[in-house]
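Peer 1: kindly return the folded structure for what I paste below:
(one chain, ligands or ions: 1)
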Amino acid sequence: MAPDTTDDDRDKKIAKLQFLIGLTNLQTSQQSKSKSKSKSKPKLDRFDSILEMLETSKPQIPQVEQETYPSRTINAQLQVEKNVIGIYENFLEKGSNNIPEIETLKHVQYVRFYLQNPLPVEMLGYDSLHTWTIYWLLNARCTLGGYDKISKVEKDAIIDKVFSFWMDETDAIGGFSGSDGEYQLPHIASSYAALLSLVIIIDDDNYKRIKKNLDVEKIHQWLLSLKQPDGSFFMHTNGETDVRAMYCALVIINLLGIKDEKLTENCIEWLVSCQNYEGGFGGDLMDEAHGGYAFCGLNALLLLIDTPKQLYDLIDVDSLISWMVKRQYGMEGGFSGRTNKLVDGCYSTWVGALSPLLEVVTGTEELINREKLQNYILCCCQDPGKFGGFKDKPTMRCDFYHTNYVSCGLSFCNSFHFIDEDIMKEDGLAFSFKAAKLDDDCPLGLVDPVFTVPIGAPLRFKKYMKRE
Ligand SMILES: [Zn+2]
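Peer 2: All right, here's what the predicted structure looks like:
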């Protein structure tokens, strides 16, 4: 909604909505105007933007298709639309004063509770996700505004915990596993999550301890053992190869300063082959384009090239943008991960992070509709109760994974990114992303779209690793 929208425009829109949805008790424009005077302008804009979403958006699946090809997929999409429309209408009915905002305090309490307490037995399924759990909760806490508030005691506990998953006492060459269980293998994704946790908490006080415990040469040898002739990486010994493994390996390689020709050989060629006819990236050659793989594919390339312009020589940037834009659904405002799939809050990062990256690469101001995405996150993914956390969609429960990636997505909605050319020349393109808030009052921290940790943290970690 343009900031200069007139009251008359708003009157017309509300009248039209009343007609469209048959609400008899919808707040009048006069009520809206009088309440709005006491509230900040952005809140009124959000009321308008939700109104506009309901007015102008068409169902994702045309009526004729719904009738001609009835299926579970189509029914699921119609149900999500119905749920989301119901939520938006409910907020509009309550008036512009009640459009939800980010409830950081509640979410920080949720995150801190699970960071500081053993997980309940119902969460046994998280057993192989220990390093991920630490990263998701820790990063969510930082994104929600707590980057400077993590105490020494907490940092020491996190270091102890992370290194309890280091595979040193087995036959493994190196790397972190997802759990300290007997049958665990060192795993690239678990190692990525472990390392990102250390990236977040490293400081003057603990960097020597982290450096002493982190056997960089073993990790180097271990990654070489997972490297395949076509350029890809096994996720673990004799495991699968895909774009996730490539991205996570390249993050580790860049952060630890172990980039060499053997590790990067054929990486670019292999990654480029994963961009498919849709414009997005699949997990492997000929796979369907997917939000998570698109995030990993684009970022893996940014971890390998020197300047944004080089991207144009490697992939079809316009086609990737076209695919990304189609992932945002007009009615819901959130992103889907694949063609004809449902919106899901976590794609606020997997697809949402592509937007700042591609805005920087193309020099374009706004490729996605940040306002619509923010509406989906705050109205449909935020826990409506007192416990906090974020979720996939309204009918789901909150969890750690979604709390992190939805928080990051919300930060992307409220910021813009740019490149520091001096850092790009000195330390590489992937370390050069900087950000600024669109609204100074936004309580969220700024997030690095390549590493998904607080902005500036990857470069700081890299410098600590070089320090004596
Ligand atoms: Zn999800």
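Peer 1: tell me who's in contact with the closest residue to the ion within the stretch 101-250 of the chain.
Peer 2: Ranking the residues of the stretch 101-250 of the chain by distance to the ion (CB to the ion) places Trp136 first, at 12.2 Å. C-beta here means a position set from N, CA and C on the backbone, and glycine is covered the same way. Neighbour list for Trp136: 193, 400-401, 403-404 [criterion: CB atoms under 8 Å, 6 or more residues apart in numbering].
Peer 1: of the residues you listed, which pair is most distant in space?
Peer 2: The span of the contacts of Trp136, defined through CB to CB, is set by Ala193 and Thr403 at 14.8 Å.
Peer 1: compare those two (neighbour count), which wins?
Peer 2: Counted by other CB atoms under 10 Å, Ala193 and Thr403 do not tie: Thr403 has more neighbours, with 30 against 25.
Peer 1: please report the distance of that one from the ion.
Peer 2: 11 Å (CB to the ion, to the nearest Å).
Peer 1: what residues does the stretch 251-400 of the chain put near the ion?
Peer 2: When proximity is defined as CB under 5 Å from the ion, the stretch 251-400 of the chain approaches the ion at 344, 346, 392.
Peer 1: can you pick the most crowded of those residues?
Peer 2: Most neighbours among those, by other CB under 10 Å: Cys346, with 26 neighbours.
Peer 1: what ranges do the helices span in the stretch 301-450 of the chain?
Peer 2: Ranges of helices in the stretch 301-450 of the chain, per DSSP state H, counting those that start in this stretch, are 310-314, 317-326, 347-350, 354-362, 370-376, 400-413, 421-427.
Peer 1: including mean pLDDT, could those helices go into a markdown table?
Peer 2: Shown next, in a markdown table, are those (pLDDT from 0 to 100):
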| stretch | mean pLDDT |
| --- | --- |
| helix 310-314 | 97 |
| helix 317-326 | 98 |
| helix 347-350 | 98 |
| helix 354-362 | 95 |
| helix 370-376 | 95 |
| helix 400-413 | 97 |
| helix 421-427 | 97 |
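Peer 1: can you get me a residue count around Tyr192?
Peer 2: For Tyr192, the neighbour count with other CB under 10 Å is 24.
Peer 1: by proximity to the ion, which residue of the stretch 351-468 of the chain wins?
Peer 2: For the stretch 351-468 of the chain, CB to the ion, closest residue to the ion: Asp392, 4.3 Å.
Peer 1: measure the nearest residue to that residue once chain neighbours are set aside to Thr395 for me?
Peer 2: Nearest residue to Asp392, sequence neighbours excluded (CB to CB, 6 or more residues apart in numbering): Asp344, at 4.7 Å. As for Asp344, its distance to Thr395 is 12 Å (criterion: CB to CB, to the nearest Å).
Peer 1: ok, now Gly330?
Peer 2: According to CB to CB, Gly330 stands 20 Å off from Thr395.
Peer 1: got it, and Leu373?
Peer 2: Applying CB to CB to Leu373 and Thr395 gives a distance of 19 Å.
Peer 1: ranges for the helices of the stretch 101-250 of the chain?
Peer 2: For the stretch 101-250 of the chain, helices defined by DSSP H, counting those that start in this stretch occupy the ranges 104-116, 130-141, 152-163, 188-201, 207-213, 216-226, 243-256.
Peer 1: want to try a markdown table for those, with mean pLDDT and distance to Asn75 as columns?
Peer 2: Shown next, in a markdown table, are the helices of the stretch 101-250 of the chain (pLDDT from 0 to 100; distance: least, CB to CB, whole Å):
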| stretch | mean pLDDT | distance to Asn75 |
| --- | --- | --- |
| helix 104-116 | 95 | 32 |
| helix 130-141 | 97 | 31 |
| helix 152-163 | 95 | 44 |
| helix 188-201 | 97 | 33 |
| helix 207-213 | 96 | 51 |
| helix 216-226 | 95 | 42 |
| helix 243-256 | 98 | 31 |
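Peer 1: okay, those helices in CSV with distance to Leu459 next?
Peer 2: Listed next are those as CSV, based on distance: least, CB to CB, whole Å:
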stretch, distance to Leu459
helix 104-116, 25
helix 130-141, 17
helix 152-163, 19
helix 188-201, 10
helix 207-213, 14
helix 216-226, 18
helix 243-256, 10
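Peer 1: what's around the closest residue to Leu185 other than its chain neighbours, how many residues?
Peer 2: Sequence neighbours aside, His236 is the residue nearest to Leu185 in space, at 4.7 Å (criterion: CB to CB, 6+ apart). Residues within reach of His236, counting by other CB under 10 Å, total 22.
Peer 1: swap in the one 3 residues further on?
Peer 2: Neighbour count for Gly239, taken as other CB under 10 Å: 15.
Peer 1: try Pro100
Peer 2: Residues lying near Pro100 (other CB under 10 Å) number 17.
Peer 1: show me what contacts the closest residue to it other than its chain neighbours?
Peer 2: Closest residue to Pro100 apart from its sequence neighbours, by CB to CB, 6+ apart: Leu378 at 4.6 Å. By CB under 8 Å, 6+ apart, the contact list for Leu378 reads 99-102, 410.
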